[in-house]
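Novice: coordinates for the following, if possible.
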Amino acid sequence: MSHFPARALSRMLLTPVMAGLLTLASQQCLAAAEEPDAPKGAAVTVLKAAKSCFANIVEVSGIVIPREETAVRPERPGLKVAEILAEAGDTVTSGQPLARLSLPEGGATVVRAPVAGLISSSSAVIGAVASAKGEALFSIIARSEFDLVGQVPTQDILKLAVNQPASIKIIGVGEVEGKVRLIAPTIEPNSQLGRAVISVTTNRRLLVNASGRAQIKTGQSCGVSVPLTAVLYGSAGTVVQVVRRQRVETKRVEVGLMSAGQVEIRDGLQEGDIVVARAGALLREGDPVRPVTASADPK
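Specialist: Residues are numbered from 1 along each chain as shown. As a prediction, the model looks like this:
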């Protein structure tokens, strides 16, 4: 019976083991070589900076006042109010009887509305003497026309022009339409505010001295935009965080107009840049991240 030498037997046993080890090492090296060079990091939601158009809006806050108010008095003094034919709050036509006054010599005369409009106030009391020079018997808002009169900063009033359309919200009334009617040619020196007068167009009843706010579109600007949540304001200025090669880069930007949760970026970004949707102090320059594209809003 033949016998293998111990050394030869040892070689035979070690050869498959070493081959297996070499194969495993080779596979590990290959896997490492196939791994991407990009770093791994926290997952962040990103989106592409896109082009949008923003309306340039000037806001005017003020109060509602009559555009023209007509005082109604008797033509001669010493007449007493015998009958009241209209009250404050009534809408009257031109020539409509407002009150009947008794004459000292007997008989009566009728006070009529000189213009159509809304009676804003009345001092008529039966038996009282109607003044020909003092307090008006009736005050009529001519043609029921109202204006919103408000103050505007200097940089905004220069954008206004007569006949620009306005959308006006008035407390207790809601939203009505209007138009720029007058722009004061001077600025108040202390406050640096100018005065704008906006005509109000509505069939709804308005209250004198009610507060209102007008929005006037003076133009539009189109450019790159991102959500407001993507913008950080701090001591380093206004910045947006973008992702390039799966690392965070901080970009200083110049912002412009804002609307519906979006902000115009006038400088610092380009269309298509990958932007962190919700920027935050936890992300710093050079941090590795795993970008996850924000899902589109359902149509």
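
Novice: where exactly do the helices run in the stretch 151-299 of the chain?
Specialist: 154-157 (DSSP state H, counting those that start in this stretch).

Novice: show me the shaky parts of it.
Specialist: 295-299 (pLDDT under 70).

Novice: same thing but at 50, please
Specialist: Applying pLDDT under 50 to the stretch 151-299 of the chain flags the ranges 296-299.

Novice: domains for the chain, by residue range?
Specialist: 42-54+221-293, 58-65+144-220, 69-142 (automatic domain parsing).

Novice: what pairs with residue 147 across the strands?
Specialist: residue 65, residue 199 (DSSP bridges).

Novice: how about the nearest residue to residue 193, chain neighbours excluded?
Specialist: Leaving aside its sequence neighbours, residue 193 sits nearest to residue 151 (CB to CB, 6 or more residues apart in numbering; 4.1 Å). Just so you know, the C-beta spots here come from the backbone N, C-alpha and C atoms, and that holds for glycine as well.

Novice: what is the rounded mean pLDDT of stretch 63-75?
Specialist: Averaged across stretch 63-75, pLDDT comes to 94.

Novice: quick one: end-to-end distance for it.
Specialist: Start-to-end span of stretch 63-75 (CA to CA, to the nearest Å) is 34 Å.

Novice: buried ones in it, by neighbour count?
Specialist: Across stretch 63-75, burial judged by 16 or more other CB atoms under 10 Å covers 64-67, 69-70, 72-74.

Novice: contacting residues around it?
Specialist: By CB atoms under 8 Å, 6 or more residues apart in numbering, the residues outside stretch 63-75 that reach it are 98, 101, 109, 111, 113-115, 117, 120, 130-133, 136-143, 145-150, 170, 199-200, 206-212.

Novice: mind checking which of those are buried?
Specialist: For those, buried by 16+ other CB under 10 Å: 98, 101, 111, 113, 115, 117, 120, 130, 136-142, 146-150, 170, 199-200, 206, 212.

Novice: ok, residue 165 - contacts?
Specialist: 177-179, 216-217.

Novice: tell me what residue 290 is bridged to.
Specialist: residue 43.

Novice: how close does it sit to residue 248?
Specialist: According to CB to CB, to the nearest Å, residue 290 and residue 248 sit 11 Å apart.

Novice: neighbour count: these two, which is higher?
Specialist: residue 248 (21 against 14; other CB atoms under 10 Å).

Novice: please name the nearest non-neighbouring residue to the more buried one.
Specialist: residue 287 (4.5 Å).

Novice: tell me, how many residues neighbour the one you found?
Specialist: Counted with other CB under 10 Å, residue 287 comes out at 17.

Novice: what about it, distance to residue 46?
Specialist: Taking CB to CB, one finds residue 287 at 13 Å from residue 46.

Novice: repeat for residue 170
Specialist: 43 Å.

Novice: swap in residue 164?
Specialist: Applying CB to CB to residue 164 and residue 46 gives a distance of 39 Å.

Novice: quick revisit: does the residue nearest to residue 193 really touch residue 58, like I thought?
Specialist: No - applying CB atoms under 8 Å as the test, residue 151 and residue 58 come out as separate, 11.9 Å apart.

Novice: with neighbour numbers in mind, choose between these two.
Specialist: residue 58 (22 against 16).

Novice: isn't the more buried one right up against residue 218?
Specialist: Yes - between residue 58 and residue 218 a contact is recorded at 5.5 Å, counting by CB under 8 Å.

Novice: shared neighbours of the two, anything?
Specialist: In contact with both residue 58 and residue 218: 159-160, using CB under 8 Å, 6+ apart.

Novice: let's have the buried residues of stretch 63-75 in CSV, adding distance to residue 89.
Specialist: Below are the buried residues of stretch 63-75 laid out as CSV (distance: CB to CB, whole Å):
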residue, distance to residue 89
64, 15
65, 17
66, 14
67, 18
69, 15
70, 16
72, 15
73, 20
74, 22
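
Novice: between the residues you listed, which sits nearest residue 124?
Specialist: Nearest to residue 124, judged by CB to CB, of the buried residues of stretch 63-75 is residue 72 at 9.5 Å.

Novice: measure that closest one to residue 84 for me?
Specialist: Look at residue 72 and residue 84: by CB to CB, they are 12 Å apart.

Novice: before we move on, what about residue 294?
Specialist: Distance from residue 294 to residue 84, by CB to CB: 68 Å.

Novice: tell me the contacts of residue 100?
Specialist: Per CB under 8 Å, 6+ apart, neighbours of residue 100: 81-83, 85, 108-111.
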